[in-house]
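Student: Can you look at this prediction? I've put the sequence above it.
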Amino acid sequence: MASCILRLFGTLNSLKNFHVVENGSKICSSIYKHNFLKSHIPLMDNIRSTTFFNKRSAEQLWKGVTSVSNAGKRRGRARGLTRKKDLNRGQIIGKGRIPMQFPGLNVPVIRGKEILKQQRFPEDPERQEKLIKLRESISARKSVKLSSLERGWTSHKPGGMKLGPPDPVGDDTFEGFESWVLESKIVSTMTHNLGRKNRVSSMVITGNGNGLAGYAITKAKEMKQSLNTAKRKAATKVLYFDRYNNHTVIHDFYTQCGKTKIYVHKMPEGYGLICHRVIKCCCQAIGIKDIYAKVEGAINYQNIVKAFLMGLLQQKTFQQMADEKQLHLVEFREENDNFPVVVASPARVRTEDEIKPNEILDFNQYLMDGKVVLRKKKPPPFYTKLDSWIIHQRRMERIRNKDDVRIRLLAEYGTLRSFLADKYPEAKALLWSKKRSMKSQLEYAIANKSIPLTEVSRMEVHCDWLIIIDITL
């Protein structure tokens, strides 16, 4: 490089001493003399305008940083890799390191009646730091924290998670509605040209918790697309389901779909939802709060939903039952001491001669279509096998039916008395306060001798704690 520079300066100095003359031969000889026609090393330097970053695209560069071999993926090495960063995030066209105002690019040409001109603004010293902070915040993985009631049934699949209300359809905004994921699984079909084709099948139910609910099953290539499509489709299939006092089913019923059998029982208020988790989501969408349901046979989620909703739609009101059987529908409740209450009556009541001997008159069997629910017998408690339990039974033998006797006497006589009370008045039962007062009066009279012994003779007192005194003079 230094030799080339010295040779260049020598050539320029020689040109200063050169004088042009008329004879052309002298000019040529002078040119040859000053070495203009001799070969020289070219005055140039090698500069590489292409680099590794110019040859490769951004996708290829990011792939080289974030990719892992198939063997590494199987060993779990792809979990700790950095994610792609959008380097254009935070940068706006027309705004760079030097803030400038370019009319027509980052600002309008005319603002009001004033024509804007190109203008420079003061620089922001924290601009680069803000960009770096923004890129780091985007690349960092955000851990979304959900409550245990919103995570679904398990952490592996989206079953049981809430999706929010459906999208509005026309004038229907679906206010107060909520959607639940009942099932989301991968299904595959074998095609003749594409081979095995995988898709995601999702089942979603939506409801307002006040009797309106609907469900749908859709398939798509991606899970998110499948869930959104199922939610929108379920909103178009909303049905109304009757409830008893807005908290439970109208009556017990049996329903079946395929090999799946469900026995549903009506429960009092405050009992809760004791049933399969799919049925629980359906009850939350409909607005049922108290129910007991037993699933037997195949546990197929789609069959469970179909059978349960079908059973709810086939429920009968009390008046429909009375009209169908042409008999009075009577209710007995333990809290009302089994007092009969007529719930519904038909227009025409059948007589005893019209009722067939093999006709089902039991209310529970009538609701279950003649089926009897098999209930396992509860095992006896452990203490019944001990010797002390036999001793306890011997001690309680005297009073083992005391409560039943009290109830029977109150129902028959209106008070606690024996059937011998009319013949023997002393057999009447007295209150404890009255017995106590009589005892204190008698003890006081005997101690002070305020009454003669002749009056005490053959005194009969009908108290549990006092023996009849028989004193003879």
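Tutor: Ah, there it is.

Student: show me where the stretch 351-473 of the chain has helices.
Tutor: Under the criterion DSSP state H, counting those that start in this stretch, the stretch 351-473 of the chain contains helices at 363-367, 387-395, 402-413, 432-448, 453-456.

Student: Return the most buried member of the ones you listed.
Tutor: The highest mean neighbour count among these belongs to helix 363-367 (a mean of 16), with neighbours defined as mean count of other CB atoms under 10 Å. From N, CA and C alone the C-beta is placed, and that goes for glycine too.

Student: what ranges do the strands span in the stretch 51-200 of the chain?
Tutor: Listed in chain order, the strands of the stretch 51-200 of the chain (DSSP state E, counting those that start in this stretch) span 100-101, 110-111, 114-115, 119-120, 178-191, 195-207.

Student: Lowest average pLDDT across the ones you listed?
Tutor: In terms of average pLDDT, strand 110-111 trails the rest of those, at a mean of 82.

Student: can you give me the offset of that one from its chain's centre?
Tutor: For strand 110-111, the gap between its own C-alpha mean and the chain's C-alpha mean amounts to 54 Å (CA atoms, centre = their mean, to the nearest Å).

Student: Run me through the strand neighbours of that strand, direction for each.
Tutor: The sheet places strand 110-111 alongside strand 114-115 (antiparallel), with pairing taken from DSSP bridges.

Student: what comes into contact with the strand it pairs with?
Tutor: The list of residues contacting strand 114-115 from outside it, by CB atoms under 8 Å, 6 or more residues apart in numbering, reads Pro103, Val109.

Student: do the same with stretch 119-131
Tutor: By CB under 8 Å, 6+ apart, the surrounding residues in contact with stretch 119-131 are Gly90, Gln91, Arg97, Ile98, Pro99, Met100, Gln101.

Student: Quick check: closest non-adjacent residue to the second one.
Tutor: The one in question is Gln91. Spatial nearest neighbour of Gln91, chain neighbours left out: Leu131 (7.2 Å); criterion: CB to CB, 6 or more residues apart in numbering.

Student: where does the stretch 1-150 of the chain have low pLDDT?
Tutor: Scanning the stretch 1-150 of the chain with the threshold set as pLDDT under 70 gives 1-46, 48, 138-144.

Student: what's the closest of the helices of the stretch 351-473 of the chain to Tyr215?
Tutor: The closest of the helices of the stretch 351-473 of the chain to Tyr215 is helix 363-367. By CB to CB, the value is 24.9 Å.

Student: List phi and psi for Ala234.
Tutor: Dihedral angles phi and psi of Ala234 (degrees, to the nearest 10) take the values phi -70, psi -30.

Student: so what's the nearest residue to it once chain neighbours are set aside up against?
Tutor: Across the structure, with CB to CB, 6+ apart as the measure, the residue nearest Ala234 apart from its sequence neighbours is Ala216 (4.0 Å). Residues touching Ala216, when contacts are defined by CB under 8 Å, 6+ apart, comprise Met203, Val204, Ala230, Lys231, Lys233, Ala234, Thr236, Lys237.

Student: again with Phe102
Tutor: Phe102 makes contact with Gly94, Gln118, according to CB under 8 Å, 6+ apart.

Student: show me the contacts for the nearest residue to Lys428 once chain neighbours are set aside.
Tutor: Taking CB to CB, 6+ apart, and ignoring the residues beside it in sequence, Lys428 has Ala421 as its nearest neighbour in space, at 5.0 Å. Ala421 makes contacts with Tyr413, Ala427, Lys428, as judged by CB under 8 Å, 6+ apart.

Student: and the gap between the closest residue to Arg151 other than its chain neighbours and Lys185?
Tutor: Once its chain neighbours are removed from consideration, Arg151 has its nearest residue in Met161; the separation is 7.0 Å (CB to CB, 6+ apart). Shown here: Met161 relative to Lys185, a distance of 14 Å by CB to CB, to the nearest Å.

Student: Of these two, give the one with the bigger neighbour count.
Tutor: Neighbour totals were compared for Met161 and Lys185, and Met161 leads with 17 against 13 (other CB atoms under 10 Å).

Student: wait, isn't the more buried one in contact with Glu150?
Tutor: Yes - taking contacts as CB atoms under 8 Å, Met161 lies within contact range of Glu150: 6.9 Å.

Student: what about the stretch 301-450 of the chain, any weak spots by pLDDT?
Tutor: In the prediction, the stretch 301-450 of the chain carries residues with pLDDT under 70 at positions 429-436, 444, 446-450.

Student: quick one, helices of the stretch 151-300 of the chain?
Tutor: If DSSP H, counting those that start in this stretch is used as the criterion, the helices of the stretch 151-300 of the chain fall at 223-235, 277-286.

Student: Mean neighbour count, these: which tops it?
Tutor: A comparison of the helices of the stretch 151-300 of the chain by mean neighbour count, using mean count of other CB under 10 Å, puts helix 277-286 on top with a mean of 22.

Student: list the helices and strands it packs on?
Tutor: Packing partners of helix 277-286 (3 or more CB pairs under 8 Å, 6 or more residues apart in numbering; DSSP states H and E): strand 178-191, strand 195-207, strand 212-220, strand 273-274, strand 291-297, helix 301-313.

Student: Thr260 is nearest to which of those?
Tutor: Using CB to CB as the measure, helix 301-313 is the one of those that comes nearest Thr260, at 4.0 Å.

Student: Sort out which residues of the helix or strand just after that closest one are buried, please.
Tutor: For helix 301-313, the following helix or strand on the C-terminal side (DSSP states H and E) is helix 318-325. Applying a neighbour-count criterion of 16 or more other CB atoms under 10 Å, the buried positions in helix 318-325 are Met321, Ala322, Asp323, Lys325.

Student: Quickly name whichever of the residues you listed is closest to Phe177.
Tutor: The shortest approach to Phe177 among the buried residues of helix 318-325 belongs to Met321, at 32.4 Å (CB to CB).

Student: Put the alpha carbons of stretch 303-323 into CSV.
Tutor: In CSV, the C-alpha atoms belonging to stretch 303-323 read as follows (Å, rounded to 0.1, in the frame of the first residue of the first chain):
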residue,chain,number,x,y,z
ASN,A,303,-73.2,-39.5,25.4
ILE,A,304,-73.3,-38.2,28.9
VAL,A,305,-74.3,-34.7,27.7
LYS,A,306,-76.8,-36.0,25.3
ALA,A,307,-78.5,-38.3,27.8
PHE,A,308,-78.6,-35.7,30.6
LEU,A,309,-80.1,-32.9,28.4
MET,A,310,-82.5,-35.4,26.9
GLY,A,311,-83.7,-36.5,30.3
LEU,A,312,-84.2,-32.8,31.3
LEU,A,313,-86.3,-32.2,28.2
GLN,A,314,-88.5,-35.3,28.9
GLN,A,315,-89.4,-34.2,32.4
LYS,A,316,-93.1,-34.1,33.2
THR,A,317,-94.9,-31.7,35.4
PHE,A,318,-97.1,-32.9,38.3
GLN,A,319,-100.2,-32.0,36.4
GLN,A,320,-99.0,-34.0,33.3
MET,A,321,-98.4,-37.1,35.6
ALA,A,322,-101.9,-36.8,37.1
ASP,A,323,-103.6,-36.5,33.7
